[in-house]
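# Any chance you can model this:
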Amino acid sequence: MSHADPISSRPFDTDVLIVGAGPAGLTLATALAVRGVDIMVIDRQSEGANTSRAAVVHARTLEALEPLNVAARLVARGLQAPRFTIRDRDRVLVPIDFEHLPTRYPYTLMISQAVTENILLDRFRELGGRVHRPGALVDVCQDDTGATATLDDGRQPRARYVVGADGMHSTVRERSGIGFTGGSYGESFVLADVRLTGGVPRDEVILYFSPLGLVVVAPLPNGAHRIVATVDDAPEHPDAAYVQALLDARGPQSEAAVVHDVLWGSRFRVHHKLADAYRSGRVLLAGDAAHVHSPAGGQGMNVGILDAVALAEALGRALAGDEAGLEAYGRARRPVARQVIELADRLTRMATARPGLRAVRNLLLRTLARLPMFRRQLAWRLSGLVYR
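Numbering: from 1, shown residues only. Here you go, the predicted model:
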């Protein structure tokens, strides 16, 4: 778009247009609102229409949300799990204890993504913010001074910066010409919130390795458990019998976990992709628009929220005249996403080791787990404290 174009000479409608009101978008909106930045947020979904895929908030994320007056609200609604273990059926391969980490949050906080989003949205509204729903971006053009979005209702808001926090299929990323490099796993993933009894603790997140695929069993605040598993072809709506079969084949043996009912279930495919850049001129990316990966380790939403906190700082400086932070944002956050993708991929592939390699894998992990340094490093990485 040239400077002679009448749109480029229009006054700005807002300083920052945020596309997407998931955890990353709402965190960015809240962090900018705290700074007094004028922002506009649009989201294609009606309120409450989100799916609750993420359920883990790690220590570093809670630390980063403290200045937004959000961390305490999350802790009050969540369940604290101070232990994470990797198991092969009943055999503990790697025990990870968060209790001795140097943080005010020495645990994994289990809380539904829907609740996390509601808490962020409530805080944003307290600061005078509003999410325009449903509204979709269909195009974005930019020049040296700003960017102009075209929305599905014909409006063309103009902003100094546009942020794509609109998920894996980001229109902002695609229309800005930023590549999204990577692939996808052959398996699908099944996700279910269930009520169960039996051999599953209420204060521990467990990643079960199995030749049939991994299964994660994690407690939720309402007495339920979140189940995530890789399967060749997941049903669209997994029922209790289906989840029971998964746990019977991959979960605890000495005291079986008994599924009583499924509260909510879904299926999805998982990709491992990373944006080629986090910035293209006046357009920036955060959250799933910039990176997607396996749910092993529960890192996805956390990385997106930390993207948003870092980007809010960079945008605040840019709006004050110092744009150097915008390039630094990508240089800092993209390597973090790459490390998270690699860790999640290693966990996913280790979980599905062929039967002939299973004994070797188990021996190697149990040997490493005897080393305090190995357990400590894994705790720091899973908690996100390594990225301080």
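# What separation is there between the nearest residue to Asp38 once chain neighbours are set aside and Ala159?
If the residues on either side of it in the chain are set aside, Asp38 comes closest to Asp15, at 4.6 Å by Cβ to Cβ, 6 or more residues apart in numbering. (Glycine included, C-beta is placed from N, CA and C.) Distance, Asp15 to Ala159, using Cβ to Cβ, to the nearest Å: 6 Å.
# which one of these two has more residues nearby?
Counted by other Cβ atoms under 10 Å, Asp15 and Ala159 do not tie: Ala159 has more neighbours, with 24 against 19.
# correct me, but that one touches Thr145?
No: contact between Ala159 and Thr145 fails when scored by Cβ atoms under 8 Å: they sit 10.5 Å apart.
# how close does Asp322 get to His237?
51 Å.
# Let me fix that, I meant to ask about Gly128.
On the measure of Cβ to Cβ, Gly128 and His237 end up 40 Å apart.
# So between the two, which is more surrounded?
More crowded of Gly128 and His237, by other Cβ under 10 Å: His237, with 13 against 8.
# How is the chain partitioned into domains?
By the assignment in automatic domain parsing, the chain contains the domains 14-55+112-179+276-348, 185-270+351-387.
# now do the same end-to-end measure for the last one.
In terms of Cα to Cα, to the nearest Å, the two terminal residues of domain 185-270+351-387 are separated by 27 Å.
# With stretch 279-291 instead?
Start-to-end, stretch 279-291 (Cα to Cα) is 13 Å.
# how far out from the middle of the chain is that stretch?
15 Å (Cα atoms, centre = their mean, to the nearest Å).
# How about exporting stretch 11-27 as PDB, limited to the C-alpha atoms?
Only the C-alpha atoms of stretch 11-27 are listed here, as PDB (Å, rounded to 0.1, in the frame of the first residue of the first chain):
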ATOM      1  CA  PRO A  11      -6.000   8.800  11.500                       C
ATOM      2  CA  PHE A  12      -5.500   5.700  13.700                       C
ATOM      3  CA  ASP A  13      -8.500   4.000  15.200                       C
ATOM      4  CA  THR A  14      -6.400   2.300  17.800                       C
ATOM      5  CA  ASP A  15      -2.700   1.900  18.800                       C
ATOM      6  CA  VAL A  16      -2.800  -1.900  18.700                       C
ATOM      7  CA  LEU A  17      -5.300  -4.200  17.000                       C
ATOM      8  CA  ILE A  18      -5.200  -7.700  18.500                       C
ATOM      9  CA  VAL A  19      -6.800 -10.500  16.500                       C
ATOM     10  CA  GLY A  20      -7.800 -13.400  18.700                       C
ATOM     11  CA  ALA A  21      -9.100 -13.500  22.300                       C
ATOM     12  CA  GLY A  22      -7.500 -16.800  23.500                       C
ATOM     13  CA  PRO A  23      -5.100 -16.800  26.400                       C
ATOM     14  CA  ALA A  24      -2.300 -15.100  24.500                       C
ATOM     15  CA  GLY A  25      -4.500 -12.400  23.000                       C
ATOM     16  CA  LEU A  26      -6.300 -11.700  26.300                       C
ATOM     17  CA  THR A  27      -2.900 -11.600  28.200                       C
END
